[in-house]
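Engineer: Below are the sequence and a predicted model for it; my questions follow.
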Amino acid sequence: MTSPIKLESRTNRTVAEFCDKAKNPSEDFFLVEGRRFVLDLDISLLKAVLILDKDKYIKETELFLKRNIPVYYITRPVAEKISSTVNVQEIMAFASKQKVPQPKRLVLLDRIQDPGNMGTIIRSAAAFGFGVIYSEGSANPFSTKAVRSSAGTLQQCFLKNAEISLTREARELKKLGFKIFSAELDQNAETPDSIKNVGKIAIIIGNEASGVSAKLSEEADQKIRIPLTEKAESLNAAAAASILMYCFRP
């Protein structure tokens with residue numbers, strides 16, 4: 001492509017294709033919104049760039065085109081149709097996920113259904129040196145809300161879909177020398193400060209409403225809990241995951 005393409009109609013075929021990609025994202029094609037997040041991406045991961053304020057991104061447009069990345073100048077109605085936000089960003093991009101090696105610290109997500117929680121957990125995982133393995137029935141980490149909540153850290157985090165089952169994934173990790181911890185509301189469970197000298201670990205975080213499934217809990221080597229005051233019964237899944245990842249950071 002030698003010059004940008006204008007997309008001015010909401011009924012344009014390409015716009016329809018972008019809308020479909022935004023609603024059905026995958027690691028090979030997902031939407032990133034906002035100047036900082038788009039420009040911080042490795043340019044080799046960009047599939048297409050959509051610009052609302054073309055005069056502000058003249059140099060960036062030239063760079064993208066030189067690298068054979070399609071650039072589209074879009075209108076606000078088109079941006080509003082593609083984006084899921086109320087206040088659309090002046091620049092958006094479709095990108096692919098870079099490959100990241102599996103680390104020695106993992107968090108296993110058992111049916112985490114809120115995309116905001118998913119994105120926040122990914123953000124914390126990237127901050128504390130963890131990778132994320134998520135079960136079927138979990139929120140799509142490449143959805144626009146999850147990507148926004150991850151605050152640009154999605155590309156730095158190891159991500160894997162446990163396509164067969166998270167229970168089987170836990171068994172395979174134990175064969176590789178991982179110790180499995182299950183975060184549960186059990187007063188008999190150990191607290192993080194009582195656990196010493198851990199090597200490779202994987203922490204199970206359960207569903208927001210029902211917690212860790214019984215079958216998966218049975219695979220754990222040990223149950224752990226976060227001590228709470230009497231005023232609180234439990235923590236948000238993303239908050240609990242973040243605290244435990246901090247406690248067991250490399």
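Structural biologist: Happy to help now that I have it.
Engineer: And the lengthiest helix in the chain, how far out from the chain middle?
Structural biologist: If you go by DSSP state H, the chain has its longest helix at helix 115-128. Per Cα atoms, centre = their mean, to the nearest Å, the displacement of helix 115-128 from the mean C-alpha position of its chain is 6 Å.
Engineer: Next: stretch 181-195.
Structural biologist: 26 Å.
Engineer: what's stretch 207-214 in contact with?
Structural biologist: Residues outside stretch 207-214 that contact it (Cβ atoms under 8 Å, 6 or more residues apart in numbering): 110-114, 117, 182-185, 204-206, 220, 236-237. In short, each C-beta sits where N, CA and C put it, glycine included.
Engineer: Any of those buried? List them.
Structural biologist: 110-112, 114, 117, 182-185, 204-206, 220, 237 (16 or more other Cβ atoms under 10 Å).
Engineer: Now for the residue nearest to E169 when sequence neighbours are not counted: which residues touch it?
Structural biologist: Spatial nearest neighbour of E169, excluding adjacent residues (Cβ to Cβ, 6 or more residues apart in numbering): A162 at 4.2 Å. Counting by Cβ under 8 Å, 6+ apart, A162 makes contact with 108, 133-136, 168-169.
Engineer: run the last query once more with 10 Å
Structural biologist: Taking Cβ atoms under 10 Å, 6 or more residues apart in numbering, we find A162 in contact with 108-110, 133-136, 138, 168-170, 172.
Engineer: again, but for F158
Structural biologist: F158 sits in contact with 99-103, 105-106, 122, 125-126, 129-133, where contact means Cβ under 10 Å, 6+ apart.
Engineer: Give me the phi and psi for it.
Structural biologist: phi -70, psi 130 (degrees, to the nearest 10).
Engineer: same thing with the one 3 residues further on?
Structural biologist: Reported as degrees, to the nearest 10, the phi and psi values for N161 are phi -90, psi 120.
Engineer: how deep is it tucked in, by neighbour count?
Structural biologist: When neighbours are counted by other Cβ atoms under 10 Å, N161 registers 17.
Engineer: can you check the one 5 residues further on too?
Structural biologist: With neighbours defined by other Cβ under 10 Å, the count for L166 comes to 26.
Engineer: swap in the one 3 residues further on?
Structural biologist: By other Cβ under 10 Å, 23 other residues sit near E169.
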